[in-house]
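Enquirer: After the sequence you'll find the predicted model.
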Amino acid sequence: MASSSEAFARFSIWKNLDTPLKVTMIERDEPEIVLCGRIDALDEGASQIGIISSDRQFGAFDVDEAKFFIERGRVVVSRNDAEWLIFEPEVGE
């Protein structure tokens, strides 16, 4: 498990490099949702990650009280073992 500071450091790198990301949202008993875009805003103090999708839609993720796992090439955010966000660079980028 990683600290939120470590995870936000990785998010900051991706934001500064304008890295295209695939964000997979998984909730128990719900269909998986995949969003492609770039990190547009970060607020570690408020535990918020803002993503702007390729079709210019904005979404914000609240990662308060989450656990962070930094893996090779991706960051996994887990809350209550029922909700996961997986941030990873898009393949081919």
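Expert: Right, received. Where do you want to start? Everything numeric here is computed off the predicted structure, so don't read it as measured data.
Enquirer: so where do the strands sit in the chain?
Expert: Secondary structure of the chain (DSSP state E): strands at 21-27, 33-43, 48-53, 58-62, 67-71, 74-79, 83-89.
Enquirer: Among the ones you listed, which comes closest to residue 12?
Expert: Among the strands of the chain, strand 33-43 comes nearest to residue 12, with 6.2 Å by C-beta to C-beta. No exception for glycine: its C-beta is placed from N, CA and C like everyone else's.
Enquirer: Can you show me the CA trace of that closest one as CSV?
Expert: Output in CSV follows, covering the C-alpha atoms of strand 33-43 (Å, rounded to 0.1, in the frame of the first residue of the first chain):
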residue,chain,number,x,y,z
ILE,A,33,-17.0,2.0,-16.7
VAL,A,34,-13.9,3.1,-18.7
LEU,A,35,-13.1,6.7,-19.2
CYS,A,36,-10.2,7.9,-21.4
GLY,A,37,-8.7,11.4,-20.8
ARG,A,38,-6.1,13.4,-19.1
ILE,A,39,-5.7,14.7,-15.5
ASP,A,40,-6.8,18.3,-15.6
ALA,A,41,-6.8,19.2,-11.9
LEU,A,42,-5.4,17.8,-8.6
ASP,A,43,-6.1,18.8,-5.1
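Enquirer: and the angle from that strand to strand 58-62?
Expert: 80 degrees (axes from the mean of the first three to the mean of the last three C-alpha atoms, to 10 degrees).
Enquirer: and the angle from strand 33-43 to strand 83-89?
Expert: Between strand 33-43 and strand 83-89, the angle comes out at 80 degrees (the same axes, to 10 degrees).
Enquirer: Next, the buried residues of strand 33-43.
Expert: By neighbour count on 16 or more other C-beta atoms under 10 Å, the buried set for strand 33-43 is 35, 37-39.
Enquirer: list the helices and strands it packs on?
Expert: Here strand 33-43 touches helix 4-16, strand 21-27, strand 48-53, strand 58-62, going by 3 or more C-beta pairs under 8 Å, 6 or more residues apart in numbering; DSSP states H and E.
Enquirer: Could you dump these into JSON lines and include distance to residue 80?
Expert: Shown next, in JSON lines, are the helices and strands packed on strand 33-43 (distance: least, C-beta to C-beta, whole Å):
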{"stretch": "helix 4-16", "distance to residue 80": "16"}
{"stretch": "strand 21-27", "distance to residue 80": "10"}
{"stretch": "strand 48-53", "distance to residue 80": "18"}
{"stretch": "strand 58-62", "distance to residue 80": "13"}
